[in-house]
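J.: Below is the sequence, then the predicted model.
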Amino acid sequence: MFNFQNFKHKYIRLWLSSMRLGDWLVLVLALSFVVYLFTALWTNSHATKVQIKLGDKIYGAYSLNQQRDVHVHGSIGETIIRIADGRARFLRSPCHHQYCVHQGWLSRAGQAAICLPNQISLELLSEHKPYDSLSY
Amino acid sequence: MRYLFFSLFLLLTSCFKEPLYHSQSYVFGTLVDISIYGESDERARQLAEHVLQDFQSLHNRLHAWKPISAGKPSELQQLNTAFEKANQPISISPDLAAMLIDATQLSEKSNGLFNPAIGHLIGTWGFQRDEFTPLGVDEVAIKNLIHAQPRMTDLVIKNNTVYTTNPTVKLDLGGYAKGYALDIASSYLRQQGVKNALINIGGNIIALGQHGDTPWRVGIQHPRKPSAIATLDLPDGWAVGTSGDYQRYFMRDGKRYCHLIDPRIGYPAQGTQAVTVLVPPSSHAGVLSDVASKPIFIESAENRNQAAQAMGVTDFMVIDAQSRIFVSNSMAKKLHWIEPDVQFSKF
């Protein structure tokens, strides 16, 4: 009777013995590339979108994968939010202290910047939020 | 094969929306963030609406400098005006009387470092305005106010009336009201049968229940970067509060002047960037999470631990003016640092 188990072992042994150093190298490289892709693209900290809120309303959610200036009219004037290179920031704001502009670029999921005078907030979103709310 | 079906099932169920309602509004001159888990969207929206209305009415009554509308001062402003004129008992609402008694006790506990009676000092530094521009330092005014020593114990509160034995007392509940509002909101939501919610008023947060199967998770703001420095789980009934020098401040000659005034010298506290306190469940958790960070922030480096102990706080973190991080033993076990290899010392 044909022994499938036996045949399988033989076949694998044969296959393994025909592997050359180069084959192993390719295999290892391919595996590490997959691991790299997984950590780079699939971790929680990777932000995909910026959510802009005006007052208590969501003004919009914009992909970070674009070069764009978003103009938002808040309660005291026009704020410009810049999206570039997978990041977002307050570029210009009519507020007095410019705290929001000084916050600089946001690049990681969960990062947020608020302009209280103009009631505009930015938050970087990902598939999974690292926390539910922020104590500041 | 069975496992394949099982994981496929999990994958499918994860596509359904989780029962989480989230709202964000501007009340108290700051951002109010309410999350409610496990209620229908419609009911959650109504509950959040009610909480926000409560906040707005507290804000209108307790605001230290902004009138409700032109020519219509808040209850607290009327009280402050009366303090300047005469020392006759003034009628106040029972809940305001209770707040003032409570704030007085907390002020005494903090050895006067939490001092809501120094409204005049705060005003001198220009922090009682929406948009504060750096004012010239009025050294004479500061000196006079330090000499006059306005304190909460100057208030005589009896049968829902109050008067002051010191006319330089001016109440500013800026370090108390948000915490008080958290306690009001959390008891209202519990009364309404809400099991799971997270309320954030300007960085002061209280938790009810949890977020589905896991505790509510809270980030703590890095004082000099636009991101969190650490996260921690906030179990049912716990509250967390942070005081920082980065939300209300002005810069002059390269020096930072923040809104937290040291009542002993009349100048903004200089030694600290941020203090976070974590407070266990009680009917007062919100208030304590708001108040307790102030004395720790203002106190000198060597006395911070005592300041925390005096307020009954065991979980706290301090980031000093040199960006050095200090964490209490029990807090160290609860923090998850965002960046790897964070250097910190223990108290």
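T.: Yes, it's here.
J.: Output the longest helix belonging to chain A.
T.: The longest helix of chain A (DSSP state H) is helix A:21-42.
J.: Mind listing residues that contact it?
T.: If you take Cβ atoms under 8 Å, 6 or more residues apart in numbering or on different chains as the criterion, helix A:21-42 is touched by A:H46. No exception for glycine: its C-beta is placed from N, CA and C like everyone else's.
J.: immediately after it, which helix or strand?
T.: The first helix or strand that comes after helix A:21-42 along the chain, using DSSP states H and E, is strand A:49-54.
J.: all helices for the chain, in order.
T.: All of this refers to chain A. Applying DSSP H to chain A gives helices spanning A:4-17, A:21-42, A:99-102.
J.: not what I meant, chain B
T.: B:2-13, B:41-62, B:75-85, B:94-109, B:119-124, B:139-148, B:177-191, B:285-291, B:293-298, B:304-310, B:329-334.
J.: From what I see, B:A301 and B:A307 are in contact.
T.: No: assessed by Cβ atoms under 8 Å, B:A301 is found out of contact with B:A307, at 10.7 Å.
J.: the more surrounded of those two?
T.: The residue with more neighbours, out of B:A301 and B:A307, is B:A307; 26 against 13, by other Cβ atoms under 10 Å in any protein chain shown.
J.: Bridged to B:L234, which residues?
T.: B:W216 (DSSP bridges).
J.: Show the contacting residues for it.
T.: Taking Cβ under 8 Å, 6+ apart as the test, what B:L234 contacts is B:198, B:205, B:207, B:215-218, B:240, B:278.
J.: let's see it at 6 Å
T.: Each residue near B:L234 by Cβ atoms under 6 Å, 6 or more residues apart in numbering or on different chains is listed here: B:207, B:216, B:218.
J.: Tell me the confidence at the last one?
T.: Right, B:V218. Turning to B:V218, the model gives it a pLDDT of 97.
J.: can you check the first one too?
T.: Looking at B:A207, its pLDDT reads 98.
J.: what about the longest helix of chain A, distance to the chain center?
T.: Helix A:21-42 sits 21 Å away from the centroid of its parent chain (Cα atoms, centre = their mean, to the nearest Å).
J.: ditto for stretch B:86-105
T.: 20 Å.
J.: and what of stretch B:194-211?
T.: Centre-to-centre, stretch B:194-211 and its host chain are 14 Å apart (Cα atoms, centre = their mean).
J.: Please identify the buried residues of it?
T.: B:194, B:196-211 (16 or more other Cβ atoms under 10 Å in any protein chain shown).
J.: how about the residues of chain A that lie near chain B?
T.: A:56, A:96, A:103, A:106, A:111, A:113, A:119, A:131-136 (Cβ under 6 Å from any Cβ of the partner chain).
J.: Neighbour-wise, give me the winner out of these.
T.: Neighbour count (other Cβ under 10 Å) singles out A:S135 as the most crowded of the residues of chain A next to chain B, with 29 neighbours.
J.: one step back: as a markdown table, the helices of chain B with mean pLDDT would be great.
T.: Converted to a markdown table, the helices of chain B look like this (pLDDT from 0 to 100):
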| stretch | mean pLDDT |
| --- | --- |
| helix B:2-13 | 50 |
| helix B:41-62 | 95 |
| helix B:75-85 | 92 |
| helix B:94-109 | 97 |
| helix B:119-124 | 93 |
| helix B:139-148 | 94 |
| helix B:177-191 | 97 |
| helix B:285-291 | 98 |
| helix B:293-298 | 98 |
| helix B:304-310 | 97 |
| helix B:329-334 | 96 |
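J.: Deepest-packed of the ones you listed, please.
T.: helix B:293-298 (a mean of 29; mean count of other Cβ atoms under 10 Å in any protein chain shown).
J.: How about residues contacting it?
T.: B:110, B:113-114, B:175, B:241, B:243, B:260, B:262, B:269, B:272, B:275, B:277, B:304, B:307-308.
J.: What residues are bridge-paired with the residue nearest to B:N80 when sequence neighbours are not counted?
T.: Spatial nearest neighbour of B:N80, chain neighbours left out: B:K170 (5.0 Å); criterion: Cβ to Cβ, 6 or more residues apart in numbering or on different chains. B:K170 forms beta bridges with B:I118, as assigned by DSSP bridges.
J.: any idea how far chain A is from B:K170?
T.: According to Cβ to the nearest Cβ, to the nearest Å, B:K170 and chain A sit 24 Å apart.
J.: what's that residue in contact with, if anything?
T.: By Cβ under 6 Å, 6+ apart, B:K170 lies in contact with B:80, B:119-120.
J.: how about 10 Å then?
T.: B:K170 makes contacts with B:64-65, B:76-77, B:79-81, B:83-84, B:116-123, B:128, B:145, B:150, B:164, as judged by Cβ atoms under 10 Å, 6 or more residues apart in numbering or on different chains.
J.: cool, B:L335 as well?
T.: Contacts of B:L335 by Cβ under 10 Å, 6+ apart are B:220, B:229-232, B:276, B:278, B:315, B:317, B:325, B:327, B:342, B:344.
J.: want to throw those residues into CSV with distance to chain A?
T.: Compiled in CSV, the contacts of B:L335 are given as follows (distance: Cβ to the nearest Cβ, whole Å):
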residue, distance to chain A
B:I220, 5
B:I229, 10
B:A230, 10
B:T231, 5
B:L232, 9
B:T276, 6
B:L278, 9
B:D315, 12
B:M317, 10
B:I325, 15
B:V327, 15
B:V342, 15
B:F344, 17
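J.: Can you turn the buried part of these into a PyMOL selection?
T.: Those of those that count as buried under 16+ other Cβ under 10 Å are selected in PyMOL with:
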select buried, chain B and resi 220+229+230+231+232+276+278+315+317+325+327+344
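J.: so what's residue 29 scoring on pLDDT?
T.: As the question left the chain open, I've gone with chain A. Taking A:L29 on its own, its pLDDT is 92.
J.: Chain B is the one I meant
T.: B:G29 is assigned 78 on the pLDDT scale.
J.: B:N200 contacts B:V27, doesn't it?
T.: No: with contact defined as Cβ atoms under 10 Å, B:N200 does not reach B:V27; the gap is 11.5 Å.
J.: Enumerate every residue touching B:N160.
T.: B:89-98.
J.: Export the residues you listed to CSV and append columns for distance to B:Q247.
T.: Formatted as CSV, the contacts of B:N160 follow (distance: Cβ to Cβ, whole Å):
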residue, distance to B:Q247
B:P89, 37
B:I90, 32
B:S91, 35
B:I92, 29
B:S93, 29
B:P94, 32
B:D95, 27
B:L96, 26
B:A97, 30
B:A98, 28
